[in-house]
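Undergrad: Here you go, sequence then predicted model.
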Amino acid sequence: MTILEAIEQRHSVRRYTLQPIEADKVIALKELVDQCNRESGLHIQLVIDEPKAFSSPLVHYGTFSGVMNYLAMIGPSDDPLLDEKLGYYGEKIVLEAQRMGLNTCWVALTFRKNRKAYTVNAGEKLRCVVAIGYGQSQGAGHKIKTIDQVSQCDGPMPDWFRRGVEAALLAPTAINQQKFIFTLHEGNRVEARARWGFYEIIDLGIVKYHFEVAAGKDNFTWL
Ligand SMILES: Cc1cc2nc3c(=O)[nH]c(=O)nc-3n(C[C@H](O)[C@H](O)[C@H](O)COP(=O)(O)O)c2cc1C
């Protein structure tokens, strides 16, 4: 499966089977997490076989079931780009997981913090998690905005820009808000902005990763 196919096939999955993630896939995911952390200065951690974040004797969190594994999305509190980087690198890991046949769901609210399961150093914070495992289903597509609602471009729209925006529209965003806008400026410079919303800067990082994959990094520069 290519990354573009992973973008098309990925949907949020909230109910998981108890099938464990195979050791070779855990190793590959951990290597990718380490690589992302080295590149970004983040402290993302893959937590395996830890059901407590999504259940307790008293509460079942939201519509989730069978979540045994997740990514703890952690990074330095004083990094002004923290949320955008978490979105960008987190989605890179999400799409690799999809290519491995796994399912995922970004989760900002409906989980319980379990500090014993991961390390949050002084000066760091946990912003959200991403559930990961074998879904009971592959999930379903979300309602999407139109290209015109989320992009601006004077004159004819280049194919690469359209492909990028289309891929961004397939991305996960908190409560499916899709509060982003891509603007094409002279010299193939692309500006991506978030409108005010809920975890909208994490969304911005996520949609920028999708855009980059589909538009092709060589076709433009970020403004
Ligand atoms: C930053 C972020 C936070 C999210 N938080 C939650 C959450 O707390 N609970 C939940 O059920 N889904 C959560 N989601 C999943 C979104 O609801 C989902 O991505 C959106 O509805 C689009 O559906 P899709 O991912 O299947 O394309 C979150 C997604 C993102 C990107």
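TA: All right, it came through fine.

Undergrad: Is there a neighbour count for residue 35? I'd like the number.
TA: By the other Cβ atoms under 10 Å criterion, the neighbourhood of residue 35 contains 13 residues. Using the backbone N, CA and C atoms, a C-beta is placed for each residue, glycine as well.

Undergrad: Would you tell me what the next helix or strand after whichever strand or helix holds it is?
TA: For residue 35, the element it lies in under DSSP states H and E is helix 23-40. Proceeding N to C from helix 23-40, the next assigned helix or strand is strand 45-47, under DSSP H and E.

Undergrad: helices and strands around that next one, which ones?
TA: Where contact means 3 or more Cβ pairs under 8 Å, 6 or more residues apart in numbering; DSSP states H and E, strand 45-47 is packed against helix 23-40, strand 70-76.

Undergrad: Mind jotting down where the helices sit in the protein?
TA: Secondary structure of the chain by DSSP state H: the helices cover 3-9, 23-40, 82-99, 147-150, 159-169, 200-215.

Undergrad: Just the pLDDT for the residue lying closest to residue 75 once chain neighbours are set aside.
TA: Once flanking residues are discounted, residue 75 sits nearest to residue 42: 4.1 Å by Cβ to Cβ, 6 or more residues apart in numbering. With respect to pLDDT, residue 42 has a value of 98.

Undergrad: got a list of what residue 42 touches?
TA: Counting by Cβ atoms under 8 Å, 6 or more residues apart in numbering, residue 42 makes contact with 36, 73, 74, 75, 76, 82, 85, 86, 89.

Undergrad: Drop anything exposed from the residues you listed.
TA: 36, 73, 74, 75, 76, 82, 85, 86, 89 (16 or more other Cβ atoms under 10 Å).

Undergrad: Would you agree the fifth one is in contact with residue 122?
TA: To tie it back to what came earlier, the one meant is residue 76. No. Residue 76 is beyond contact range of residue 122, at 10.2 Å (criterion: Cβ atoms under 8 Å).

Undergrad: ok so, going back, contacts for the helix holding residue 35, please.
TA: Counting contacts by Cβ under 8 Å, 6+ apart, the residues touching helix 23-40 from outside are 21, 42-46, 48, 71, 75, 85, 88-89, 92-93, 96-97, 100, 102, 132.

Undergrad: quick one: buried residues of that helix?
TA: Here helix 23-40 shows 25, 29, 32, 33, 36, 37, 40 as buried, counting by 16+ other Cβ under 10 Å.

Undergrad: Have a look at this protein and report its longest strand.
TA: Counting residues, the longest strand found in the chain (DSSP state E) is strand 124-133.

Undergrad: Export that strand to CSV, keeping only CA atoms.
TA: Once non-C-alpha atoms are left out, strand 124-133 reads as follows in CSV (Å, rounded to 0.1, in the frame of the first residue of the first chain):
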residue,chain,number,x,y,z
GLU,A,124,7.0,18.5,28.7
LYS,A,125,3.3,17.9,28.3
LEU,A,126,0.9,15.2,27.0
ARG,A,127,-1.4,16.8,24.4
CYS,A,128,-3.4,13.8,23.2
VAL,A,129,-3.1,10.1,22.3
VAL,A,130,-3.6,8.0,19.1
ALA,A,131,-5.3,4.6,19.6
ILE,A,132,-3.7,1.9,17.5
GLY,A,133,-4.5,-1.7,16.8
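
Undergrad: partners of that strand, with directions?
TA: strand 70-76 (antiparallel), strand 103-107 (antiparallel) (DSSP bridges).
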